[in-house]
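Participant: Dropping a prediction and its sequence here:
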Amino acid sequence: MSRRGRRPADDPSLPIVSLVGRPNVGKSSLFNRLVGGQPALVEDMPGVTRDRRYGVCEWVGTRFRLTDTGGLDPGASGILGAMRSQTLRAVDEAAVLILVLDVKEGITPVDQEVAQLLRRTGKPVLIAANKVDSATREPSMAEVFRLGFDQVFAVSAAHGRGVGDLLDATVAALGGAASPELPVEKGGRTAEETEGESAPIRLAFVGKPNVGKSSLVNRLLGEERVLVHDQPGTTRDPIDTPFTWQGREFMLVDTAGLRRRRAIDTLTEAVSAKMARDQLARADVVALVIDAQNGATAEDAKLASFIEESGRAALIVVNKGDLIRRAEIDGKVAAVREELGFMAWAPVVVTSAVTGRGASEIPKMTTEVFGQWCRRVPTSELNKHFEEVVTRRPPPAGPGGSYVRLYYITQAQTSPPSFFVSANYPKAVGLPYRRYLTNQLRNIYGFEGSPLRLVLRAHKGKKPVRREK
């Protein structure tokens, strides 16, 4: 399995341009238009975007990082107030600011407050007057110019109208700070070159809402990079953040809390859940986060089954350990193990995002399970142990009393480790014996934190042998 190296969006050397504005003016739609594709959630409801989200924009050979932010309302409280702090961080780190306005609704008092806040930064500010879908709406632009900014652009994020002019002005405002050209990789990169130490380990945090996924990411990063609030479902978009631990690079992915389908009652939640499940296919390692107070539930078991089916390496993070007495921790871990018995191969880490307890174990265990996930065992060594395993416990008889013979084993691939066993009657080898072989592979080689795949194939050129009656 090939793994991609550092993606352009992760390049900290590129200058940052932040999209700012009050909620529901079309920032995410404009972000999607500028970076290409549809990486951000869009819905006609204020507050859908809640965290800073990054992408790379390329325009006439120039690249810069673009930030999509939550709505900025200077007087907001509650979750909108928490979104405000995230947006202000995006303002601080940006080289150029783009204030997005909704021309259809006109200039509101909140727009005026945001404009004054951006003017005080002393940074270049461009105005993206959004939802000017046709020339008939251009007269409404007069109100926008009253904000006192020189560079005002009528755009339509939905149709792409005026976006080119906005990008021209953005590149000019960067004043040559953007990357002058795209890097060219000589001869491309092979799968072998991108695997291993050069590529970041992609670690996705999944779990039910409000179990502390975002808090754990922030604890690891040492800053409030991801919005945290006591309201369940704060995270909507998967948030990718580069992270380095002891010289090893990671990509931390905070995902939306996954709930049972019958509990999902809005379109945004449904899309968020799908995006979170899609992250499993993109991840190298998945951290299933469980609330220590509630323990593992049937919903957690369902999420664990998704992880096992995806073939990703995994660890189980029992978070909020600070709310449990030390004497009860072992019992809580044992209960989690029992509920998720089919994932006995995944290590368990007890953490507290509040106190930091056990947080450093997450990157440590992630590195270890990733190594097991990528591990390859030589065929000669495999077969030496395989012969002993089969001799100690031969497979049961096949159809009509025929001998079932297992000839050899070979590792077909890594990530996850997958093995082919050659047999004369592969269909006669039932689940219990297959489980026995898999357990013996773990006993001999470990593979902690990694699922294993075992496939029996018909052995060509060997005639079946029947037992003597």
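Facilitator: Right, received. Where do you want to start?

Participant: How many residues are close by Gly371?
Facilitator: 16 (other Cβ atoms under 10 Å). Just so you know, the C-beta spots here come from the backbone N, C-alpha and C atoms, and that holds for glycine as well.

Participant: which stretches of the stretch 1-150 of the chain form helices?
Facilitator: 27-35, 78-93, 109-120, 142-145 (DSSP state H, counting those that start in this stretch).

Participant: Export the ones you listed as CSV, with columns for mean pLDDT.
Facilitator: Shown next, in CSV, are these (pLDDT from 0 to 100):
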stretch, mean pLDDT
helix 27-35, 87
helix 78-93, 65
helix 109-120, 89
helix 142-145, 86
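
Participant: Need the residues that contact stretch 446-458.
Facilitator: 285, 308, 311-315, 345-347, 365, 368-370, 372-373, 375, 406, 412, 416-424, 426-427, 429, 434, 437-438, 441-442 (Cβ atoms under 8 Å, 6 or more residues apart in numbering).

Participant: For it, buried residues please.
Facilitator: Judged by neighbour count using 16 or more other Cβ atoms under 10 Å, the buried positions of stretch 446-458 are 447-452, 454, 456.

Participant: again with stretch 344-362
Facilitator: 345-346, 348-353, 358-359, 361-362.

Participant: Show the average pLDDT along that stretch.
Facilitator: Stretch 344-362 carries an average pLDDT of 95.

Participant: Kindly report the same for stretch 163-178.
Facilitator: The average of the pLDDT scores along stretch 163-178 is 81.

Participant: circling back to that earlier point, let's have the buried residues of stretch 344-362 in a markdown table, adding distance to Ala115.
Facilitator: Formatted as a markdown table, these follow (distance: Cβ to Cβ, whole Å):
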| residue | distance to Ala115 |
| --- | --- |
| Trp345 | 55 |
| Ala346 | 50 |
| Val348 | 51 |
| Val349 | 46 |
| Val350 | 48 |
| Thr351 | 42 |
| Ser352 | 42 |
| Ala353 | 36 |
| Gly358 | 45 |
| Ala359 | 40 |
| Glu361 | 46 |
| Ile362 | 41 |
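
Participant: Of those residues, which is the nearest to Lys213?
Facilitator: Distance to Lys213 across the buried residues of stretch 344-362 (Cβ to Cβ) is lowest for Ala353, with 8.9 Å.

Participant: Quick check: bridge partners of Gly207?
Facilitator: Val289 (DSSP bridges).

Participant: Quick check, it in contact with Asn294.
Facilitator: No. Counting by Cβ atoms under 8 Å, Gly207 sits too far from Asn294 to count as a contact (11.0 Å).

Participant: who wins for proximity to Val171 among the helices of the stretch 1-150 of the chain?
Facilitator: So among the helices of the stretch 1-150 of the chain, helix 27-35 is nearest, using Cβ to Cβ, at 11.9 Å.

Participant: counting contacts, what elements does the closest one pack onto?
Facilitator: strand 16-20, strand 53-59, strand 62-68, strand 96-102, strand 125-130, helix 163-174 (3 or more Cβ pairs under 8 Å, 6 or more residues apart in numbering; DSSP states H and E).

Participant: Now mean neighbour count too, for the ones you listed, in CSV please.
Facilitator: As requested, these are exported to CSV (neighbours: other Cβ atoms under 10 Å):
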stretch, mean neighbour count
strand 16-20, 25
strand 53-59, 20
strand 62-68, 23
strand 96-102, 25
strand 125-130, 25
helix 163-174, 18
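
Participant: Kindly state which of the ones you listed is positioned closest to Glu299.
Facilitator: Of the helices and strands packed on helix 27-35, nearest to Glu299 by Cβ to Cβ is strand 53-59, at 26.5 Å.

Participant: residue ranges with poor pLDDT in the chain?
Facilitator: Along the chain, the model assigns pLDDT under 70 to residues 1-12, 37-52, 71-86, 176-198, 223-239, 256-279, 460-469.

Participant: ok, now with 80
Facilitator: 1-13, 36-53, 60-61, 70-89, 135-140, 175-198, 223-240, 255-281, 398-400, 459-469 (pLDDT under 80).

Participant: Show me the residue sitting in the middle of it in space.
Facilitator: Val253 (3.3 Å; Cα atoms, centre = their mean).

Participant: what's the offset of the host helix or strand of that one from the middle of its chain?
Facilitator: If you go by DSSP states H and E, Val253 is part of strand 248-254. Centroid displacement of strand 248-254 relative to its chain, using Cα atoms, centre = their mean, to the nearest Å, is 9 Å.

Participant: Packing partners of that strand?
Facilitator: Using 3+ Cβ pairs under 8 Å, 6+ apart: strand 248-254 touches strand 201-207, helix 213-221, strand 239-245, helix 361-373.

Participant: Need the nearest residue in space to Asp300, chain neighbours excluded.
Facilitator: The shortest distance from Asp300 to any non-neighbouring residue, by Cβ to Cβ, 6 or more residues apart in numbering, is to Ile290 (5.5 Å).

Participant: tell me, how many neighbours does Ala423 end up with?
Facilitator: Neighbours around Ala423, by other Cβ under 10 Å: 21.

Participant: Pairing partners for it in the sheet, please.
Facilitator: Leu406, Ala458.

Participant: For it, give me its contacts.
Facilitator: 395, 404-407, 429, 456-459.

Participant: Swap in 6 Å and give it another go.
Facilitator: Contact analysis of Ala423 by Cβ atoms under 6 Å, 6 or more residues apart in numbering lists 406, 456, 459.
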